[in-house]
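*Asks:* Structure, please.
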Amino acid sequence: MPYTQYLEECASSLAADPQYPSDARVMHVLGSMHLAEQVSCTFDHGSGEKIGELDDDKIQLLVKALEKRGTEWRAALPSGSIESGQYSVVDEENR
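*Replies:* Here you go, the predicted structure:
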């Protein structure tokens, strides 16, 4: 299911008045799905035309922008949630 503003509004509503522990996590899960969707759309390997239009400088800019979004998403996670295993995050720099 593609990301929409409506999905974000629903997730915000659940997080604002959680009935289940998972309700508070929905916003973060949605954020990760949205980021994954953006990466997929940006680097759509199925579209030779789109990839052909990107030179190295453009790719570097796109990667940096997406990396920033990933860092922002990770920073917005509740404190201790990665360590506790609530969210699985691969830290490429410290692998």
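
*Asks:* May I ask you to name the longest helix in this protein?
*Replies:* When the chain is parsed with DSSP state H, its longest helix is helix 56-76.

*Asks:* avg pLDDT for it?
*Replies:* Averaging pLDDT along helix 56-76 gives 86.

*Asks:* What residues of it count as buried?
*Replies:* Going by neighbour count (16 or more other C-beta atoms under 10 Å), the buried part of helix 56-76 is 70, 73, 74. Yep, even glycine has a C-beta here, placed from its N, CA and C like the rest.

*Asks:* what about the residue nearest to the first one when sequence neighbours are not counted, which helix or strand?
*Replies:* So that's residue 70. Distances taken as C-beta to C-beta, 6 or more residues apart in numbering place residue 35 nearest to residue 70, at 6.0 Å, with adjacent residues excluded. Using DSSP states H and E, residue 35 maps to helix 26-42.

*Asks:* Around residue 31, how many other residues sit close by?
*Replies:* 20 (other C-beta atoms under 10 Å).

*Asks:* ok, the residue nearest to it when sequence neighbours are not counted - contacts?
*Replies:* Nearest residue to residue 31 in three dimensions, chain neighbours excluded: residue 73, at 4.9 Å (C-beta to C-beta, 6+ apart). Residues near residue 73 by C-beta atoms under 8 Å, 6 or more residues apart in numbering: 28, 31, 32, 35.

*Asks:* Now tabulate the residues you listed in CSV and tack on pLDDT and distance to residue 1.
*Replies:* What follows is the contacts of residue 73, written out as CSV (pLDDT from 0 to 100; distance: C-beta to C-beta, whole Å):
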residue, pLDDT, distance to residue 1
28, 84, 17
31, 87, 14
32, 86, 14
35, 88, 15
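
*Asks:* buried sites along stretch 21-34?
*Replies:* Buried, per 16+ other C-beta under 10 Å, within stretch 21-34: 25, 26, 27, 28, 30, 31, 32, 34.

*Asks:* Between the residues you listed, which sits nearest residue 2?
*Replies:* Using C-beta to C-beta, residue 34 comes nearest to residue 2 of the buried residues of stretch 21-34, at 9.1 Å.

*Asks:* which residue packs closest to the closest one, ignoring adjacent ones?
*Replies:* That would be residue 3: by C-beta to C-beta, 6+ apart, it lies 4.2 Å from residue 34.
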